[in-house]
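K.L.:
structure for the following, please:
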Amino acid sequence: MTHTRPCVRKLLGSLLVPAVLIIAVASAQNIPVAKPEEVGMSSVRLQNIRKALQAETDKGNIPGAVVMINRRGKLIYSEAIGYQIRPAISR
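P.N.:
Coordinates of the predicted model:
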């Protein structure tokens, strides 16, 4: 049984996330964009997602997040918060 070194796993993980995001963004370019209210959702309430994720990022519980929400075939919310990889904290 071969064990992958932690640095190799970290490198592979850091390459996988951008690849997935690039594919998602490329796919999203063909999705029509709408205001949340046009599809029965609230812009004000959707902003609570950003506030909650930003709070978790600020606390250090997560390095960051990417959220995209579709409703009725239209992109109504797209937000990137924080970092892909948390920066090192000097002590």
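K.L.:
next, count neighbours for Lys51.
P.N.:
Look at Lys51: counted by other C-beta atoms under 10 Å, it has 10 neighbours. The C-beta positions use only the backbone N, C-alpha and C, and glycine is treated the same way.
K.L.:
same question, Ile49
P.N.:
Neighbours of Ile49 under the rule other C-beta under 10 Å: 15.
K.L.:
how about it, nearest residue that isn't a chain neighbour?
P.N.:
Val67 (5.9 Å; C-beta to C-beta, 6 or more residues apart in numbering).
K.L.:
which stretches in this protein count as strands?
P.N.:
In the chain, the segments counted as strands under DSSP state E are 64-71, 74-82.
K.L.:
using JSON lines, please lay out those together with mean pLDDT, distance to Arg50 and mean neighbour count.
P.N.:
What follows is the strands of the chain, written out as JSON lines (pLDDT from 0 to 100; distance: least, C-beta to C-beta, whole Å; neighbours: other C-beta atoms under 10 Å):
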{"stretch": "strand 64-71", "mean pLDDT": "88", "distance to Arg50": "8", "mean neighbour count": "15"}
{"stretch": "strand 74-82", "mean pLDDT": "88", "distance to Arg50": "5", "mean neighbour count": "17"}
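K.L.:
quick one: which of those is nearest Ala34?
P.N.:
strand 74-82 (3.9 Å; C-beta to C-beta).
K.L.:
for the closest one, packing partners?
P.N.:
Using 3 or more C-beta pairs under 8 Å, 6 or more residues apart in numbering; DSSP states H and E, the elements in contact with strand 74-82 are helix 43-59, strand 64-71.
K.L.:
minimum distance to Leu46: which of the strands of the chain has it?
P.N.:
That would be strand 74-82 among these, by C-beta to C-beta, at 5.0 Å.
K.L.:
look up phi and psi at the residue nearest to Gly73 when sequence neighbours are not counted.
P.N.:
Once flanking residues are discounted, Gly73 sits nearest to Pro32: 6.9 Å by C-beta to C-beta, 6+ apart. Backbone torsions of Pro32, given as degrees, to the nearest 10, read phi -60, psi 150.
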